[in-house]
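Engineer: below is the sequence, then the predicted model.
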Amino acid sequence: MVEANALDQTVDGRAQAIAGDPIALQVVWRRLIAIADEAAATLRRTSFSPTVRESNDFACVIFDAAGNAMAENTIGIPSFNMTLSRTLAHFLSIRPAGDWQDGDVGICNDPWLTSGHLPDITVVAPVFHQRRLVGWTGSVAHQADLGGIGWAADARDVFEEGIRIPPLLFMKAGVVVPEVDQFLRANSRLPDQVLGDIAAQVAAGDAAGRGLRDLLRREAIADLAPVSHAVCERSERAMRRAISGIPDGDYQAAIDLDGTGEEDIHLALKISKRGEELLLDYTGTSPEVGRALNVVTNYTVAYSCYPLKCALDPGTPRNEGSYRPIHVQAPEGCILNPRFPAPVNARQLVGHCLSALIYKALAPVLGDRILAESGSAPTLRVVITGRREDRRRYGAILFINGGMGARARRDGLSATCFPSSVICGSMEIIETQAPLRIWRKELATDSGGAGQFRGGLGQDVELELTTAEPATLSLFVERMQHPALGALGGGAGAPSRVAWNGRESGFPLKGRSRMQGGDRLVVRYPGGGGFGDPRERDRAAVRADLEAGRISARTAGEEYGL
Amino acid sequence: MMQFLAGADVGGTFTDIVQYDTTSGTLALHKLLTTPDDPRRAIIDGLAAMPARAGLVVHGTTLVTNALIERRGVKTGLITTEGYRDVLEIGSELRYDSFDLQIERPEPLVERRLRLTVRERLGADGEAVLPLDEAGMRVAARALRDAGVQSIAIAFFNAYRNPAHEQQAQRIVEDECPGIAVCTSSGIAPEIREFERFSTCLANAYISPIANRYLLELERSLAVPLFVMLSDGGITTARAATAQPIALVESGPAAGTMGAAFLARQAGWDDVIAFDMGGTTAKLSLIHGGQPHRTHELEVARLARFKKGSGLPLRLPAIELIEIGAGGGSIAAVDELGLLGVGPRSAGAVPGPACYGAGGEDPTVTDADLLRGYLSPDRFLGGRMRLDRRRAEAAIARLGRRLDLDTVATADGIARVVDNNMATAARVHIAEAGTDPLRYRMVAFGGAGPVHAYELARLLDIREVIFPLGAGVASAIGMLVAPRSVELTRSLVVGLSRLDWDQAAAVLADLEEHGREVLRQGGVADAEISFETAADMRYAGQGFEVTVPLSAAAIASRDPAVLQRAFDSEYRARFARSLGGMPVELVSWRVRSIAPAPVSEIRFAGNALRQDPLIERRPAYFAEAGGFVDTPVYARAALRPDTRIEGPALIEEAESTAVVGPSADLRVDAFGNLTMHLKADPG
């Protein structure tokens, strides 16, 4: 998406001058990021579903007229920011830029064109200034319900998973297309929340459009292209500089996941570093599976690039240029590039693990900048939906997280989401929204992998369904047989564990079950891996962990040699 | 009422004392150096230097916020519900920086071994699911006592809905641990969301012994009634403040905003942005109808000062303000991308900007302002400090060479970047408040505020800026003009259609009675007290609450439709749309009990100095005029009412210099306020 559209050919001397000026470019660049943040603030404030508002499961990006991402909101979901560029490119390939008018809003949730599963709706809209197309706005938000089996990992194909919205217009010239609105309402269990959140996405786009127009007016420029090229180029240069610090060579790694229960999952990666570029090749990875763990290319690319950005160049604002030196390939038909209509709803269970694979491959050369494996990758999710005795519908997603992997010189963060960026909302709020009693939510002793730097602690959560009515329980549980491994001599974090009324088997860990009133569920959210030899850990730190109950006396003796 | 009232603001460098004479309506000022080892000394000395003895003193303090930032609170223990030992350590689970893998979380104010649990449980409806285990409670209390804690926080799950278990637990702690401070989450912040409520309760426990000793000892040494400034801009008696000293956390900034709001209101301006730019940060707050915007959510003691999520969340009524890493001491440098960045790193007061000549080598905003001709090297801080132009030039030239820019272009660039940083933050803040910059005028104060107000106003399309007389002691003035007030809240999550009106009425009556009692203790007569009632409401399922002011008639109607309409209209005002028809639920009731401020009008000793106001002419840089322009410099103290000055001009006073750009003019009003009008931007 670097080809300029015809309008960009107009010479805009002032915009060119800004692009080359270290002061003016700073001012404009910061403003672009602030515009994305204003859009995000608008989306959050006006959204309906707790997923967006309390849990941060959304992102906003602004693009130039040619579709290059210029800036994104400061704290968004890392994958969304990247898949948005690709979704906009798909839109423009089927509906050329010249066919859009002011007030048009595009909508899409096709997993292969967007962020990899149906609940995420992508919204894009053009921005016009003085009747010229000057940019695009886009957002992705995790919606409350889009039909099908809901958010669950056990579908056999994507048609079971919900409705698929191909790239089409939700609004034309500022007016909602009634057929689209009705069609969406008719296919959601929570139509008001979904349409409310889409409206919030539209409002976010409007806010960003206003911000961009104000910027153009204030800077007296007609076009953002030169500025966009300049910011992308500087980010690209920063990434190239960071990559060039890695010795040329091939770096390989492989990891195994628990799999679907029917099929095992093996992930293989070779990173080839040449000069200023990286090629990530996933050849050797398992083929696509019959359940919803398949990861579309957009998501594979996004979660390949994100951990690299964190380790190599965390400080530079992210845009299209950041990823130009990074190339990702996965053979068609493998679990990281599945063919339509493979089921994909739980793609995060595999996609989040790419960070572990990448850091493992680069550990020999980037040891001081990587993480040990994280218990919070992939995110363990418990989703409970049903009706109360008075037939009112409820749904609760517990956005609780395990521990992050240890760093080269720091302990891992306990109960912290990585590589995703969701917020765990309040359990008191959950109890007002669903007939659940959350009896326990506490750090789990001994769950952080031992190491010179300890892995972040996971959590123990215990909950009870308090209504007499049965409910649907949907689990997304990984890391039961494959805990988060340590790095450079560090130990593994504690594995996941689920006990249902005391039983630890006989129900699907990646799928749905019927839950009865009074049922109790105990869930261990896994800990992060440790970093370095535990015997090298500072003795005072071991004693402090023991005193605080973060480790047991037994672990202190056996693992740390205290 | 007594004849003299005093306000005492203890700042980092200076302690400002103002004394108001109720018979003449005039104000006397005294500025003296702060005494950091014991801030009370400067207050007592300052009051003693006044011509008459004040019968009442109002005080604003940074003691609480500093104790949290520097972690100087007391050893504190927490007793909480079984299963929730780690609420404070787990926090939101979000990384506050998306890309930095090396971030740390703020350590909880209580270490894990001093966080004990007890068996008890309330449901979301407030009903007891498990009774409080009294024996276990006694064991926990004794264990904390034996561990040597000086303060105990009791924070139970769902206690926002019913304080019974926490109160029962408090009695046990008081019984087992005489002499140890104790507070409960339902007593301090009875709001839903366990992390935020526990955090507020714990912060209160952590600072209360220190804050309370300070307040009571100060009152004793003053030997007159002492009032203190609360975070929400109200004042209360020192004794009442000891019940919840965490409410003092934003005491200092709140006083500044109250003072700015008052000075603007006295000049006839109701909707203003208060812009206070000092040495390290700039603070912006919105004032509507003469009243500062309030919030109930704040975060203090951040690890990364300007990163949301890196600090301790608090739930309490506070004046809403944003803090930006932009001040006179903000350091300019070339960033990793080859661009010019300014702040948030600051040279502070020591070593300070390069031009202070105190060892600072880094170029700062103040150095740029000096080179642009905005500051006088000889008259800075009223001549108390000389600025070294050569050092400023050398520092900025070094930076310029790295950017391939000459010294003047670099100095101008520093100002442009810092002004835009502030404008950007202001726009996001205004957008979040759901309003529009065009609605506001600006009141500028702080050492660097009047220097940068002209450019900031241009960037925000604000047309009028006031430099009020008395801005140099705005915080101390804020203390005299603040109402005596207390805000109390109670969470009660329920759909409007299922609201139990008798229960609501009982809650409101209880909050009013409690508020009245607090004010009575401060010597307020019942007749002076009025109440403002509001409800936090939201669309059912939406987690974002909007505080909706409600009239007495609306509440008396007992009609859910009336509340729904009030909510719809407030929601529309903030978000430019409403979703009529969606069910609405009520989350919390709020009652603010208010008595009028002790002072409602201030006259400054008005006789202008009988001298020629024109001090000199010097070149000052204005990019819009193409470079340096020969600019007249006036002494503010010598300007007569009704004087009109065309820009460009510089107006000097001890605390700051007001810059009037080429596209503006300035008028002196009858009170001595300076009002700058910006001409419409042709762009």
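Structural biologist: Perfect, I can see it now.

Engineer: got the phi and psi for B:Thr657?
Structural biologist: phi -130, psi 130 (degrees, to the nearest 10).

Engineer: which residues does it contact?
Structural biologist: Applying C-beta atoms under 8 Å, 6 or more residues apart in numbering or on different chains to B:Thr657 gives the contacts B:374-376, B:450-451, B:650-651. Any C-beta I mention is one placed from the backbone N, CA and C, and that applies to glycine too.

Engineer: sketch out the low-pLDDT regions of chain A for me.
Structural biologist: A:1-11 (pLDDT under 70).

Engineer: just to revisit the earlier point, possible to save the contacts of B:Thr657 as a markdown table with distance to chain A and secondary structure?
Structural biologist: Output for the contacts of B:Thr657, formatted as a markdown table (distance: C-beta to the nearest C-beta, whole Å; DSSP: H, G, I helix; E, B strand; the rest coil):
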| residue | distance to chain A | secondary structure |
| --- | --- | --- |
| B:Tyr374 | 18 | coil |
| B:Leu375 | 21 | coil |
| B:Ser376 | 26 | coil |
| B:Pro450 | 22 | helix |
| B:Val451 | 19 | helix |
| B:Leu650 | 24 | strand |
| B:Ile651 | 27 | strand |
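
Engineer: among those, which pair sits farthest apart?
Structural biologist: For those, the maximum inter-member distance is 13.5 Å, found between B:Ser376 and B:Pro450 (C-beta to C-beta).

Engineer: returning to that earlier point: B:Leu387: which of the contacts of B:Thr657 is nearest?
Structural biologist: Using C-beta to C-beta, those come closest to B:Leu387 at B:Leu375, 6.3 Å.

Engineer: so the most centrally placed residue in chain B is in which element?
Structural biologist: Closest residue to the average C-alpha location of chain B: B:Pro253 at 3.6 Å, with C-alpha atoms, centre = their mean. Per DSSP states H and E, B:Pro253 falls inside helix B:251-266.

Engineer: what do you get for B:Ile430?
Structural biologist: With DSSP H and E as criterion, B:Ile430 is part of helix B:407-432.

Engineer: ok, back up a step: and B:Ser376 and B:Pro450? which has more neighbours close in?
Structural biologist: B:Pro450 (29 against 18; other C-beta atoms under 10 Å in any protein chain shown).

Engineer: separation between that one and B:Asp9?
Structural biologist: According to C-beta to C-beta, to the nearest Å, B:Pro450 and B:Asp9 sit 19 Å apart.

Engineer: contacts only, for whatever residue of the stretch 1-150 of chain B ends up closest to chain A.
Structural biologist: Closest residue of the stretch 1-150 of chain B to chain A, C-beta to the nearest C-beta: B:Gly83 (3.4 Å). Going by C-beta under 8 Å, 6+ apart, B:Gly83 touches A:438-442, A:462, B:117, B:157.

Engineer: tell me which helix or strand it sits in.
Structural biologist: With DSSP H and E as criterion, B:Gly83 is part of no helix or strand.

Engineer: before we move on, back to that, farthest pair within the contacts of B:Gly83?
Structural biologist: A:Ile438 and B:Thr117 (14.5 Å).

Engineer: tell me which of those two has more neighbours.
Structural biologist: Set A:Ile438 next to B:Thr117 and count neighbours by other C-beta under 10 Å: A:Ile438 wins out with 22 against 19.

Engineer: wait, the residue nearest to the centre of chain B touches B:Thr281, no?
Structural biologist: No: in this structure B:Pro253 lies outside contact range of B:Thr281 using C-beta atoms under 8 Å: 9.9 Å.

Engineer: picking up where we left off before, angles on the backbone of the closest residue in space to the residue of the stretch 1-150 of chain B closest to chain A that isn't next to it in sequence, please.
Structural biologist: With sequence-adjacent residues excluded and distances taken as C-beta to C-beta, 6 or more residues apart in numbering or on different chains, B:Gly83 is closest to A:Arg440, at 3.4 Å. As for A:Arg440, its main-chain torsions (degrees, to the nearest 10) stand at phi -150, psi 140.

Engineer: and A:Arg440, what is it in contact with?
Structural biologist: A:460-462, A:522, B:82-84.

Engineer: which of the residues you listed ranks first by neighbour count?
Structural biologist: The contacts of A:Arg440, ranked by neighbours (other C-beta under 10 Å): first place B:Tyr84, 24 neighbours.

Engineer: skipping its backbone neighbours, what lies nearest that residue in space?
Structural biologist: B:Phe157 is the one closest to B:Tyr84 (C-beta to C-beta, 6+ apart), at 5.4 Å.

Engineer: for the one you found, what are its contacts?
Structural biologist: For B:Phe157, the contacting residues are A:427-428, B:80-81, B:83-84, B:121-122, B:194, by C-beta under 8 Å, 6+ apart.

Engineer: could I get these as JSON lines with secondary structure and distance to A:Ala69?
Structural biologist: Formatted as JSON lines, the contacts of B:Phe157 follow (DSSP: H, G, I helix; E, B strand; the rest coil; distance: C-beta to C-beta, whole Å):
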{"residue": "A:Met427", "secondary structure": "helix", "distance to A:Ala69": "36"}
{"residue": "A:Glu428", "secondary structure": "helix", "distance to A:Ala69": "38"}
{"residue": "B:Thr80", "secondary structure": "strand", "distance to A:Ala69": "45"}
{"residue": "B:Thr81", "secondary structure": "strand", "distance to A:Ala69": "45"}
{"residue": "B:Gly83", "secondary structure": "coil", "distance to A:Ala69": "43"}
{"residue": "B:Tyr84", "secondary structure": "coil", "distance to A:Ala69": "41"}
{"residue": "B:Arg121", "secondary structure": "strand", "distance to A:Ala69": "48"}
{"residue": "B:Leu122", "secondary structure": "strand", "distance to A:Ala69": "48"}
{"residue": "B:Glu194", "secondary structure": "helix", "distance to A:Ala69": "38"}
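
Engineer: just the buried ones from those residues, in PyMOL syntax?
Structural biologist: Of those, the buried ones can be selected in PyMOL as follows, counting by 16 or more other C-beta atoms under 10 Å in any protein chain shown:
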select buried, (chain A and resi 427+428) or (chain B and resi 80+81+83+84+121+122+194)
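
Engineer: let me know the closest of the contacts of B:Phe157 to B:Asp436.
Structural biologist: A:Glu428 (35.5 Å).

Engineer: go ahead and confirm that closest one touches B:Phe195.
Structural biologist: No: counting by C-beta under 8 Å, A:Glu428 stays clear of B:Phe195, with 9.3 Å between them.
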